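Peer 1: Need a 3D model of the sequence below.
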Amino acid sequence: MGVQALRMASGKEACAWSPTEITAASEALDRLGTQALRWVGDEGVTGVVVMFGLALRRAAPNSPGISDAQRAAYASLHSKLLNAIIKVCRDAADHVLSPRAPLQVCTALIKTHVLRSFCPLLAAAASPLLPAGGAGQPQPRPSSRAVQAFLSLLKDACCVLLLFHDALGSDYLSDDDYNGLASALHEELAASGLLEHWARLALALASWEEGEDGAAKAQRRLGCSLWTLLDYGDTSPLVRSFTSGACPSLAYLLTSHLVALAAELDGGPTYGLPTAPADGSAAGPSSSSSAPQPRARPAIPLAGSQGYVLRHRETLDVSVAVPALGLWSQALSNAASTATGGFTCCPDVQWPAAGVPTNPWSLARGVMECRLGQLQAAVRERRAAAAEAGAGAVLGAPEDLEAAGAEEQCAGMLAALRRREPLLDCSAAFQLGMRLARAAACALRGCTLSLIATSCATAETTEAAVQALIAAHDTAAWTDPGSLPLQLQGAEAAGRLVPEKAIVLAWRGLGLARRALDLARHMCDGGCPGIAPWLKRRLGAWWQATIAWAGLWRVEANGTAAPFMRVRDACGLLAIKISRAVCHNDAWPSTAIGAFYSGAHKYMPVLESYIRNSLTCSGLQSAGTLPGSALLWSRMGSYSRPGDVSSFAGTLAKLLRAARTPPASADAKGRRRGIAALTGALALSLEGPSYEHPALSPASEGQAPQPDHIASKDKPGWPHAAAHVALTALPAAAALGRALAPGVLRRLDGGGALELEGDGGALGDVVALLLDWLPPLLVAAEGRRAGSAAVGSVAAAAADAADSKASSSSASDPSAPSASEREWSAFLWTELDPAWALRVGLRLAETAEACRTPLPGALLALAVRAPSRLQAMVAAAGTEEQGREAVGGALGGPSLSALRRVLGPGGALSEPALLALIEAAVGCGGGASGGPSVELSGFAKFIRNTASLMPPPSEARRSLPGCSNPACTNLAGLSEEALSVQQCGGCDAARYCCRECQAAHWEAGHKRECRAGAAAAES
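Peer 2: Numbers count the residues shown, from 1 in each chain. Sure, this is the predicted structure:
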């Protein structure tokens, strides 16, 4: 019969079976049971699927040419065929069928339109349950037998979807098979309307008391089927069907479920959803009031973890909430993409006199109207051009069809916004997503797991960690301006979610809230005025909650820790999205505004905890969380807490030391590139016009900085933090750079390309860090050595104020270096030796953007602060050919010919004024070597006049977090500050994480320091 069904499907043979034949097939299935597919084999599987679809279509009411007896026989047959088909994945795993049998079955289900065959049956089942007539007259109460038949039909439809779920989870399918099958499934679901018919029947059943429990079970089963299907393939056809208004029942089912779930957990608003009468058994929120709050009454009752209708204080099930949140998120993402033209432009919207709407819904509607007008104008222009070209011109080019398709999609989206489709309500989506994340946090109260919060230094117990997590959800920022504040409870949620489900619900909820801000974020990044104030407030609230969730770690019994949220999910949330296509090059992305202004003091500790773990560090790189924008990451440290910057620098230094080991694979090279890219967070770059830097005093020209300004209360701890970065991260970066430079330069000199995703990119990152830090280090090391022509008495007075331990000889001789300057000078010129970094920076500047930004500032600082040092470097480098010969051994400094080629007119940087200043400083451009004869820029004057705020290296090292051994690579714990250490028994100043580090540091020089410190303590 399966073979005959195949012939019928190909049009070769009519397929007319008598009731007797159908009954015989049913009896055969009864005898074979779940072994049916084993008997038909791979050759007969497709025929069985075709036969299943045929049985579904002929079991539907009003099927032409089918008698009632045949229809009843077909109804029995399709259920038995389904029971056999759904075992295909098991049979493939048992090697009874081929590994590709599940793919074969699912492909046949789509090609034969089996999903569409369910729709007439579902519609016919829902019809007698719905009110009849225009006046809404009630239908007779359905019999128990009818209800069970309808529930069985819902179950069968879910089983088919579950079959796709199992097939897509198979290990035998390639990525192309996964994506192809999933995309075809989403297109078929959108075209068939199966989910809408399913939802309509489920809602109709739930309206009768006899069907409430069964509808709740069926809804849970549907959620389980859809849970992972949305993670595969292109879901845009399915999402468009939701937003087009073709699925009102399904949209209502999903949104009402989410609202009811949130209200059940936090007692918040129900957004118009009916509420159940308040009684003593109601599962409403607990509050100070003795009267119980009414709970939301969804169309289909919420289910408990066992799958039955929810009882009082029972653990909740989230099987429906997870796919519902995913679909809503994708609908909002599709709307933002449609409004902004696929992220390729920012519509120039003409807002009313009142200004830009502060409501995301109104904002979306205004942008969509503008975008539609632009698309319609473009289509009219194309038609006019075609008419002028003559009758033979036809609008059929790919760009014409693309423009017409974009216009149609935008018009449909605008119509959906005007209808107020629930899945396009950005305001409700943001608020509901944040409510669910907060409710998930409250559900962790009383959790027996061992949790710690890296985003809160004091949260070292589970109770404290959960309390800090709840406090991170700022409900005041979730509502529109002028709206009433949310009144949410939290005690009722305690224990209502299994911890593993709570974390999934929080992840999906935060994802929905982020998508709800996508359109506003793209408009803000595109330069649209008036959006930033209210967007910053919401993004800040979102980041506070996100960082808190990502920073929640679970400690196992053996002492190891791992993120409580799944690594891939947490890393995806931590990624700072940038609208690259619409964001100006020098703009500050809106997402970063929310992250750094509202949550940066917690972002860096969480990021540090992730990069200390090899698994989570790889997850950060895979999710695109690691730095991709120099502008963005160079500011992260400036908006963080000084202690967190010091700890982060210590961790990064250890990673850079470990990265010097030659990688064994391309993946390891990519990881080294990711670690090197993190150095941008420690750049603390100087930016005009104020040129603020935590290591420098913003002195005015001709006026020495005052001691009280140097000890500014605005940035307490920053001078020490800056010194910690310099003393830990810079030597490690320099060592890695020296190891990578010979190979990278040989490749470039041989005509090879710069591997930006490998060692070439890593070298560019570490060199950029060193050049970013050269100006502040020059100020610290050369405050009194540059001569009066370059610095004068201004810097000397500033250094006197900054160095509380200046010797008496320094006071009598302003040109003599202070103790702090001598220490920093030894560090800069002996330990770092920046000459090679300048040479490499010049070479890379001709190849890529890696070192173009910090290189001019570093050269300018050398020319005005230490011209004699620059002169010595250029003289030692000699000609460019001599510099190349030095690559095989020690790296040379910048040669004059390389400086002229890069900085001269037409060069990679083209900085003629800077080149003239350098030539004057080294005595090669006609100026006097004692001082520049060219006019100084604002930055040059700042570097000439400023003073260092950093303490001497000897003092700063005593307050370094973590282990005192500079070669330590121990990454135990979640931060360098939290690393378990013990004090040195001799001097009580050094700290070590293990005996090995203590012994290594003793041999490396601590022997002398320890004895000197002990002697000083005794005296």
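Peer 1: how is the protein carved up into domains?
Peer 2: For the chain, whose domains are defined here by the TED database, the residue ranges read 1-130+143-233, 326-385+402-419, 961-1018.
Peer 1: Quick one: closest of those domains to residue 490.
Peer 2: Nearest to residue 490 among the domains of the chain is domain 326-385+402-419 (23.8 Å), distances taken as C-beta to C-beta. From N, CA and C alone the C-beta is placed, and that goes for glycine too.
Peer 1: Could you work out the end-to-end span of that closest one for me?
Peer 2: Its first and final residues considered, domain 326-385+402-419 spans 22 Å by C-alpha to C-alpha, to the nearest Å.
Peer 1: cool, stretch 163-183 as well?
Peer 2: This stretch, stretch 163-183, spans 15 Å end to end (C-alpha to C-alpha).
Peer 1: Indicate which one of the domains of the chain is closest to residue 772.
Peer 2: Of all the domains of the chain, the one in closest proximity to residue 772, counting by C-beta to C-beta, is domain 961-1018 (21.3 Å).
Peer 1: Show me what the mean pLDDT comes to for that closest one.
Peer 2: Domain 961-1018 shows an average pLDDT of 86 in the prediction.
Peer 1: With respect to residue 244, which of the domains of the chain lies nearest?
Peer 2: Using C-beta to C-beta and comparing those, the one that lies nearest residue 244 is domain 326-385+402-419, at 5.7 Å.
Peer 1: check contacts around the closest residue to residue 961 other than its chain neighbours.
Peer 2: The shortest distance from residue 961 to any residue other than its chain neighbours is 4.3 Å, reached at residue 977 (C-beta to C-beta, 6 or more residues apart in numbering). Shown here is residue 977, whose contacts under the criterion C-beta atoms under 8 Å, 6 or more residues apart in numbering are 643, 646, 647, 650, 961, 962.
Peer 1: and with 10 Å instead?
Peer 2: Each residue near residue 977 by C-beta atoms under 10 Å, 6 or more residues apart in numbering is listed here: 457, 605, 608, 643, 644, 646, 647, 648, 650, 651, 961, 962.
Peer 1: same question, residue 435
Peer 2: Residue 435 is in contact with 258-259, 261-263, 265-266, 268-269, 473, 475, 478, 486, 488, 509, 513, counting by C-beta under 10 Å, 6+ apart.
Peer 1: Surely residue 862 is in contact with residue 782?
Peer 2: Yes: taking contact to mean C-beta atoms under 10 Å, the distance of 9.2 Å between residue 862 and residue 782 places them in contact.
Peer 1: From the contacts of residue 435, which shows the smallest pLDDT?
Peer 2: Model confidence across those bottoms out at residue 486, which has 81.
Peer 1: who are the neighbours in contact with that residue?
Peer 2: 266, 268, 269, 431, 434, 435, 438, 475, 476, 478, 479.
Peer 1: Just the buried residues of those.
Peer 2: For those, a neighbour count by 16 or more other C-beta atoms under 10 Å gives the buried set as 266, 268, 269, 431, 434, 435, 438, 475, 478.
Peer 1: re earlier: mark which of the contacts of residue 486 are part of helices, please.
Peer 2: Secondary structure defined by DSSP state H assigns 266, 431, 434, 435, 438 of those to helices.
Peer 1: Among the domains of the chain, show the one with the smallest mean pLDDT.
Peer 2: Here those differ in mean pLDDT, and the lowest is domain 326-385+402-419 at a mean of 79.
Peer 1: Break down the stretch 251-400 of the chain into its helices, ranges please.
Peer 2: When assigned using DSSP state H, counting those that start in this stretch, the helices of the stretch 251-400 of the chain occupy the ranges 321-339, 360-389, 398-418.
Peer 1: So what sits opposite the nearest residue to residue 213 once chain neighbours are set aside in the bridge?
Peer 2: In this structure, residue 213 finds its nearest non-sequential neighbour in residue 309, 5.3 Å apart by C-beta to C-beta, 6+ apart. Taking DSSP bridges, one obtains residue 303 as the residues bridged to residue 309.
Peer 1: who's in contact with residue 309?
Peer 2: Applying C-beta under 10 Å, 6+ apart to residue 309 gives the contacts 212, 213, 214, 215, 216, 217, 300, 301, 302, 303.
Peer 1: Would you map the strands across the stretch 401-550 of the chain?
Peer 2: Remark: strands of the stretch 401-550 of the chain, listed N- to C-terminal, are 451-453; assignment by DSSP state E, counting those that start in this stretch.
Peer 1: which stretches of it aren't confidently modelled?
Peer 2: Counting by pLDDT under 70, the stretch 401-550 of the chain shows low-confidence ranges at 401, 457-459, 481-482, 529.
Peer 1: out of the domains of the chain, which comes closest to residue 464?
Peer 2: Per C-beta to C-beta, nearest to residue 464 of the domains of the chain: domain 961-1018, 14.8 Å.
Peer 1: shaky segments in the stretch 751-900 of the chain?
Peer 2: Counting by pLDDT under 70, the ranges of the stretch 751-900 of the chain that qualify are 784-815, 848-852, 879-890.
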